[in-house]
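Need a 3D model of the following:
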Amino acid sequence: MPGLTTRVIAADTIRLKPRGSSQGGLRQYNERVVLQAIRLHGALPAAEIARLTQLTAQTVSLITKRLLDDGLLQKGAPLRGKVGQPSVPLSLDPDGAFSVGIKIGRRSMDVLLVDFAGAVRQRWTLDYRYPDPGPLLAEIGQRLAGLRDALPRAQRERVQGVGIATPFSLGGWQTLLDMPPRVAARWPGTDLRAEVERLSDWPVALVKDTAAACVAELVAGRGRSVQSFLYLFVDTFIGGGLVLDSHLRAGLHGNAGAVGSLPLALAGSRGKAPPQLLSVASLLNLEQRWQAAGLDIGAVADERALQPPWRAHTERWLAEAATAMALAVNSAACLLDLECAIVDGSFSRALQAALQAALERAMDRYDWEGVTRPTVLPGTIGSDARALGGALLPLYANFAPDRELFLKVAS
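Numbering: from 1, shown residues only. Down below sits the predicted model:
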């Protein structure tokens, strides 16, 4: 399965800036630099675009005219009140391009249509007990056909592609998920990218689900101001991503930042493997507690998780999960000297805040001598992070100044 590396140019107030070149032969590159400057900073007048990109005013004028003609930019209302002619801010035209993001998870699938500005235009969700490749591919085919038929022709022609975000081992941990062995056995022989491309008119990219969520946070969230962080995403199983110097690090096998597999103790003398982080700090553990008490597991998405009778079970899970997650943060900080840890997941914002607070308390119990303790920040995207990150793949592949500068999908 492909790995993913990514890099994002940070905002003007940070260390890196999107820069163009006024030399000849760089038309497409400079157009993408201008688009990225606007994506990072919002609507900008031409003079500010020239300052941020270090392109000449004449070059920016020519580029923005082409981008307006191509339907990638739109003009805003003139800004008055300053000396001289009023300036006209330019922003991304949401209808300039589209992409489809598909999150295939262990218990649900999301399909998003995302516009050029990164907003979700359409959303579809399917819940299931466990992922079965046959029915899932049939549903994906139906959804892609439905999107294709529903889009006006002009918009359909502007769809850049499909990005799939999925765990590397959908057939793994079958005992925890109560997945029949016959279903689990189908996944190793299923080439998701090839199968979805066969069902689609558009090119398809594939990325690990937690890496995709990290991409969304990196590009559209805290990655604009934080350069190095450990990303923790709590879902059915906890997973993560690793960003260093504004690059998403995939690692040799695409598993960098795979905190879910982190051991929580030393191996026993008799060869028994210690439990992994995912066996303690996953939403599956919390939901199993609720199920055993006869409570609705849907409370994970609303305020009930922190109200009686759910609260007592939630607090016990928070204490155990946070202690285990603190070990992951401490270990990562010792190895990588991180700015922060970012916590997000498929849960309510209230439960996210409670987990962040519990994590801070658990980190207080670790010895930080000789290492700088990273700040803990809440993620900004939420449950859409994986599908949104998938949708960003084709958008950034086609409109970033350099494919390797933002997102690179490599074998």
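
okay, residue 224: pLDDT?
pLDDT for residue 224: 82.

Where does the prediction get shaky in the chain?
Low-confidence segments of the chain, defined by pLDDT under 70: 1-26, 81-84, 174-175, 402-411.

what about the helices in the protein?
Along the chain, counting by DSSP state H, helices occupy 27-41, 46-53, 57-69, 133-150, 153-156, 174-177, 181-184, 192-199, 209-220, 283-292, 310-336, 349-364, 385-399, 403-406.

for these, which one sits closest to residue 112?
Closest approach to residue 112 among the helices of the chain (CB to CB): helix 385-399, 4.6 Å. From N, CA and C alone the C-beta is placed, and that goes for glycine too.

buried sites along that closest one?
For helix 385-399, a neighbour-count test (16 or more other CB atoms under 10 Å) marks 385-397, 399 as buried.

So which elements touch that helix?
Other elements packing on helix 385-399 under the criterion 3 or more CB pairs under 8 Å, 6 or more residues apart in numbering; DSSP states H and E are helix 27-41, strand 98-104, strand 108-115, strand 159-166, strand 204-208, helix 209-220, helix 403-406, strand 407-410.

okay, the angle between that helix and helix 27-41?
Angle of helix 385-399 versus helix 27-41, following axes from the mean of the first three to the mean of the last three CA atoms, to 10 degrees, is 150 degrees.

Just the CA trace of helix 385-399, in CSV.
The C-alpha coordinates for helix 385-399 follow below in CSV (Å, rounded to 0.1, in the frame of the first residue of the first chain):
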residue,chain,number,x,y,z
ALA,A,385,-10.2,14.5,9.2
ARG,A,386,-9.5,11.2,7.4
ALA,A,387,-11.9,11.7,4.4
LEU,A,388,-10.9,15.4,4.1
GLY,A,389,-7.2,14.4,4.1
GLY,A,390,-8.0,12.0,1.3
ALA,A,391,-9.8,14.6,-0.7
LEU,A,392,-6.8,17.0,-0.3
LEU,A,393,-4.5,14.5,-2.1
PRO,A,394,-5.7,15.2,-5.7
LEU,A,395,-6.3,18.9,-5.0
TYR,A,396,-2.8,19.5,-3.8
ALA,A,397,-1.2,17.2,-6.4
ASN,A,398,-2.7,19.4,-9.1
PHE,A,399,-2.5,22.8,-7.6
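
so which of the buried residues of helix 385-399 would you say is closest to residue 100?
residue 391 (6.2 Å).

Beta-bridge partners for the closest residue to that closest one other than its chain neighbours, please?
Nearest non-adjacent residue to residue 391, counting by CB to CB, 6 or more residues apart in numbering: residue 101, 2.9 Å away. Beta-bridge partners recorded for residue 101 (DSSP bridges): residue 112, residue 163.

got a list of what residue 101 touches?
110-112, 114, 162-163, 165, 212, 386-392 (CB atoms under 8 Å, 6 or more residues apart in numbering).

so residue 61 touches residue 49, yeah?
No: Residue 61 is beyond contact range of residue 49, at 9.6 Å (criterion: CB atoms under 8 Å).

buried stuff in stretch 164-177?
Within stretch 164-177, the residues that qualify as buried are 164, 165, 166, 167, 168, 170, 171, 172, 173, 174, 176, 177, counting by 16+ other CB under 10 Å.

do stretch 275-293 as well
Within stretch 275-293, judged by 16+ other CB under 10 Å, the buried ones are 276-287, 289-290.

could those residues go into a markdown table alongside distance to residue 205?
Converted to a markdown table, those look like this (distance: CB to CB, whole Å):
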| residue | distance to residue 205 |
| --- | --- |
| 276 | 29 |
| 277 | 28 |
| 278 | 26 |
| 279 | 31 |
| 280 | 33 |
| 281 | 29 |
| 282 | 27 |
| 283 | 27 |
| 284 | 28 |
| 285 | 32 |
| 286 | 32 |
| 287 | 31 |
| 289 | 37 |
| 290 | 36 |
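
Pick out the most distant pair among these.
Pairwise distances across those (CB to CB) peak at 21.8 Å, for the pair 276 and 290.

Let me see the contact set for the residue lying closest to residue 61 once chain neighbours are set aside.
Residue nearest to residue 61 in three dimensions, not counting chain neighbours: residue 46, with 6.2 Å by CB to CB, 6+ apart. Taking CB under 8 Å, 6+ apart, we find residue 46 in contact with 57, 60, 61, 64, 87, 88, 90.

By neighbour count, which of those wins?
Using other CB atoms under 10 Å as the neighbour test, these are led by residue 60, with 27 neighbours.

With adjacent residues omitted, what lies nearest to it?
residue 50 (4.6 Å).

Can you give me the neighbour number for the one you found?
As a burial measure, residue 50 scores 22 neighbours (other CB under 10 Å).

Wait, it touches residue 58, no?
No: using CB under 8 Å, residue 50 is not in contact with residue 58, being 9.1 Å away.

Residue 276 is in contact with residue 265, isn't it?
No: contact status for residue 276 versus residue 265: not in contact, 10.1 Å apart, counting by CB under 8 Å.

quick one: the residue nearest to residue 70 when sequence neighbours are not counted and residue 31, what's the gap?
In this structure, residue 70 finds its nearest non-sequential neighbour in residue 96, 7.6 Å apart by CB to CB, 6+ apart. Distance from residue 96 to residue 31, counting by CB to CB, to the nearest Å: 12 Å.

So which of the two has more stuff around it?
Taking other CB under 10 Å, residue 96 and residue 31 do not tie; residue 31 has more neighbours (21 against 18).

Return the residues in contact with the more buried one.
63, 66, 67.

List only buried entries from the residues you listed.
Counted by 16+ other CB under 10 Å, the contacts of residue 31 give 63, 67 as buried.

so can I have JSON lines of the contacts of residue 31 showing distance to residue 224?
As requested, these are exported to JSON lines (distance: CB to CB, whole Å):
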{"residue": "63", "distance to residue 224": "23"}
{"residue": "66", "distance to residue 224": "27"}
{"residue": "67", "distance to residue 224": "22"}
